[in-house]
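1. Turn this into a structure:
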Amino acid sequence: MTKAKPIILWFRKDFRLADHAALTEAGKSGRPVIPVVLLDEAAETFGAAPKWRLLKAIECFDDRLKEIGSRLILRRGTAANELLALARETGAGDIWWTRTYDPDAIVRDTKVKSVLKDAGFGAKSWPGHVLFEPWTVKTKQGGFFKVYSSMWRAVRDLDVAPSYPAPARLLAPETWPASDRPQSWALGKGMERGAQVLARYTHVGESAANARLSSFLRRAIGDYKECRDYPAQDATSRLSENLAWGEVGPRTVWHAGLRAHLKGLGGAEHFLKELVWREFAYHLVFHTPEITHSNWRSEWDAFPWSNLEDEVVLRWKQGRTGVPLVDAAMREMYVTGHMHNRGRMIVGSYLTKHMLKHWRIGQKWFEACLIDWDPAANAMGWQWVAGSGPDAAPYFRIFNPETQAQKFDAEQTYIQRFVAELVTDPGPEALAFFDACPHAWGLSPDDPYPTPIVGLNEGRQRALAAYEAR
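-> This next block holds a predicted model:
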């Protein structure tokens, strides 16, 4: 066994072996590698569903590491303190990690690097969470992109480096340090009975992510542009879950989509555009971190959104607004941990425009409920639909859920799949909502379907009046 100083590899949202620059270089170094996951100050703030999904990612990744002669070490506490203690305990020479770009992560990582270097340890961050690091893609004036279409035109023909292969073996240290048990972190406690329901819909780990990508390429990418807006169709990749936890690398997905595009598959370019939309979110959150908590456009600060979480907000969260397409989308999220993108736009528009509630209410609820929660995409998505963000939909573009349903769910397949009160014989997913939702809500599939909390025309007129008066 080599006596070279070990490398500590700190995994956060990059639970994969392939397309992982730091892991590849560590494996080639001939030095022992100690993979570690921390329940640190950033991870402690995650919502209920993301914490539960983090646990699943950890368990699956630990199994994968064992296949190549390694394992995960788990520690809980402030990142700088825990990594420093672990480095001293193991005699490590270097601590490496993959960069992320949201403000909480940047604050944490900056402190970690400073503490480790001051103590004499090597500390290095590596790329890998995005295709293009936020400081590498610039406008002709040298600034960052504030309009998505301009960014797409700037990057669509750029070379993306090929994915790194997964290492066949990692050298273990002579002695493994002590590790927490994942169950001791109680990451699933916020889910209560909903965890058993969500578990039916997750695709956890690198193998599942690659299978999901392969399936999408075979069955759906050709028609992706035409079919992706129909929530009842299995027309999207659903890779947002795996990208959020780094179970598949963005370069792996990009090159797969590019190969499909070069083969002439019609929807492939639009799929690549969606990857760049994710990039756009991370570039914005890096350059303007206030997007995660404040109106990106300051002129919206005086807009009369209500921050009051009252009975109507509760009904929105419960999927009991009385507007079937809104309620179906909200219940899909509670049952599956995911929401179709068309649904995200509709429920966001309904909350911020028909209900005149602040987008932060929706942002926080998604943060609690989505297994594909991503701080950059969530913030940008909510500000886009509310009208307060960069390159946003105009506020006066108010989605009408009835006409949206007529266009994208004409047979009400999606609505009936999730809203039990609207069908005589509800299916398992409609009933699963009542298994997953809190007992305290006191909901039953035998309840009468509610009348709308705000009429669609009434809400539209009120929203337009508020917009004109701002």
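2. what sits up against stretch 348-362?
-> 293, 304-309, 312-313, 316, 321, 323, 326, 347, 381-383, 385-388, 395, 397-399, 401, 453-454, 456, 459-460, 462-463, 466 (C-beta atoms under 8 Å, 6 or more residues apart in numbering). C-beta: built from backbone N, CA, C; applies to glycine.
3. Would you list the buried entries among those?
-> By neighbour count, with 16 or more other C-beta atoms under 10 Å, the contacts of stretch 348-362 hold 305, 312-313, 316, 321, 323, 326, 347, 381-383, 385-388, 395, 398-399, 401, 453-454, 456, 459-460, 462-463 as buried.
4. Looks like residue 17 contacts residue 207 (just checking).
-> No: Residue 17 is beyond contact range of residue 207, at 10.1 Å (criterion: C-beta atoms under 8 Å).
5. what's the overlap in contacts for these two?
-> Counting by C-beta under 8 Å, 6+ apart, the shared contacts of residue 17 and residue 207 are residue 64.
6. if you count what's nearby, which of the two comes out ahead?
-> The neighbour count for residue 17 versus residue 207, taken as other C-beta atoms under 10 Å, is higher for residue 17 (22 against 14).
7. hey, where'd the strands end up in the stretch 101-250 of the chain?
-> Using DSSP state E, counting those that start in this stretch, the strands assigned to the stretch 101-250 of the chain run over residues 122-126.
8. so where's it uncertain?
-> In the prediction, the stretch 101-250 of the chain carries no residues with pLDDT under 70.
9. quick one, what contacts residue 74?
-> Contacts of residue 74 (C-beta under 8 Å, 6+ apart): 36-39, 58, 179-182, 185.
10. Pull the number of nearby residues for residue 147.
-> Residue 147, neighbours per other C-beta under 10 Å, totals 12.
11. can you pull the contacts of the nearest residue to it once chain neighbours are set aside?
-> Excluding the flanking residues, the one nearest residue 147 by C-beta to C-beta, 6 or more residues apart in numbering is residue 391, at 4.9 Å. By C-beta under 8 Å, 6+ apart, the contact list for residue 391 reads 146-149, 280, 384.
12. give me that answer again for 7 Å
-> Applying C-beta atoms under 7 Å, 6 or more residues apart in numbering to residue 391 gives the contacts 146-148.
13. In helices, which of the contacts of residue 74 fall?
-> Of the positions in the contacts of residue 74, residue 58 sit in helices, assigned by DSSP state H.
14. Need the buried ones from the contacts of residue 74 selected in ChimeraX.
-> Only the buried entries of the contacts of residue 74 go into this ChimeraX selection, using 16+ other C-beta under 10 Å:
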select :36,37,38,39,58,180,182,185
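15. Return the member of the contacts of residue 74 nearest to residue 129.
-> Using C-beta to C-beta, residue 37 comes nearest to residue 129 of the contacts of residue 74, at 15.8 Å.
16. Just list whatever residues bridge to the closest one.
-> Per DSSP bridges, the residues bridged to residue 37 are residue 11, residue 74.
17. So it sits against residue 59, correct?
-> No: Residue 37 is beyond contact range of residue 59, at 10.6 Å (criterion: C-beta atoms under 7 Å).
18. what about the helices in the stretch 51-200 of the chain?
-> In the stretch 51-200 of the chain, the helices defined using DSSP state H, counting those that start in this stretch lie at 79-90, 103-118, 148-155, 194-198.
19. OK, contacts around residue 70?
-> By C-beta under 7 Å, 6+ apart, the neighbours of residue 70 are 33, 35, 170, 172.
20. Look at residue 423 and say how many residues are nearby.
-> Residue 423, neighbours per other C-beta under 10 Å, totals 14.
21. Sorry, slip of the keys, the one I care about is residue 325.
-> Around residue 325 there are 28 residues (other C-beta under 10 Å).
22. Averaged pLDDT, the helix or strand harbouring residue 415. What do you get?
-> Secondary structure assigned from DSSP states H and E places residue 415 in helix 413-418. Across helix 413-418, pLDDT averages out at 98.
23. Go through that helix and flag the buried ones.
-> The neighbour-count check on helix 413-418 (16+ other C-beta under 10 Å) flags 414-418 as buried.
24. ok, now stretch 192-206?
-> 194-195, 197-198, 201-206.
25. now swap in stretch 81-99 and tell me
-> Within stretch 81-99, the residues that count as buried by 16+ other C-beta under 10 Å are 81-84, 86-87, 90, 92, 94-99.
26. May I see those residues organised as JSON lines, with pLDDT and distance to residue 224 added?
-> What follows is the buried residues of stretch 81-99, written out as JSON lines (pLDDT from 0 to 100; distance: C-beta to C-beta, whole Å):
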{"residue": "81", "pLDDT": "98", "distance to residue 224": "46"}
{"residue": "82", "pLDDT": "98", "distance to residue 224": "42"}
{"residue": "83", "pLDDT": "98", "distance to residue 224": "41"}
{"residue": "84", "pLDDT": "98", "distance to residue 224": "47"}
{"residue": "86", "pLDDT": "98", "distance to residue 224": "44"}
{"residue": "87", "pLDDT": "98", "distance to residue 224": "46"}
{"residue": "90", "pLDDT": "98", "distance to residue 224": "47"}
{"residue": "92", "pLDDT": "97", "distance to residue 224": "45"}
{"residue": "94", "pLDDT": "97", "distance to residue 224": "42"}
{"residue": "95", "pLDDT": "98", "distance to residue 224": "40"}
{"residue": "96", "pLDDT": "98", "distance to residue 224": "36"}
{"residue": "97", "pLDDT": "98", "distance to residue 224": "33"}
{"residue": "98", "pLDDT": "97", "distance to residue 224": "28"}
{"residue": "99", "pLDDT": "96", "distance to residue 224": "29"}
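27. what does the domain assignment say about this structure?
-> In terms of domains, the chain is parsed into 1-128, 130-158+196-287, 298-469 (source: automatic domain parsing).
28. Determine which of those approaches residue 164 most closely.
-> domain 1-128 (4.2 Å).
29. show me the contacts for residue 316.
-> 330, 351, 355.
30. change it to 10 Å
-> 309, 323, 326-327, 330, 347, 350-351, 354-355, 357, 361-362, 365, 453 (C-beta atoms under 10 Å, 6 or more residues apart in numbering).
31. just those now: which is nearest residue 66?
-> Nearest to residue 66 among those, counting by C-beta to C-beta, is residue 365 at 36.8 Å.
32. Tell me who's in contact with the closest one.
-> Residue 365 touches 47, 309, 313, 316-317, 330, 333, 347, 351, counting by C-beta under 10 Å, 6+ apart.
33. Next, the buried residues of the helix or strand where it lies.
-> Per DSSP H and E: residue 365 is located in helix 359-369. Going by neighbour count (16+ other C-beta under 10 Å), the buried part of helix 359-369 is 359-363, 365-369.
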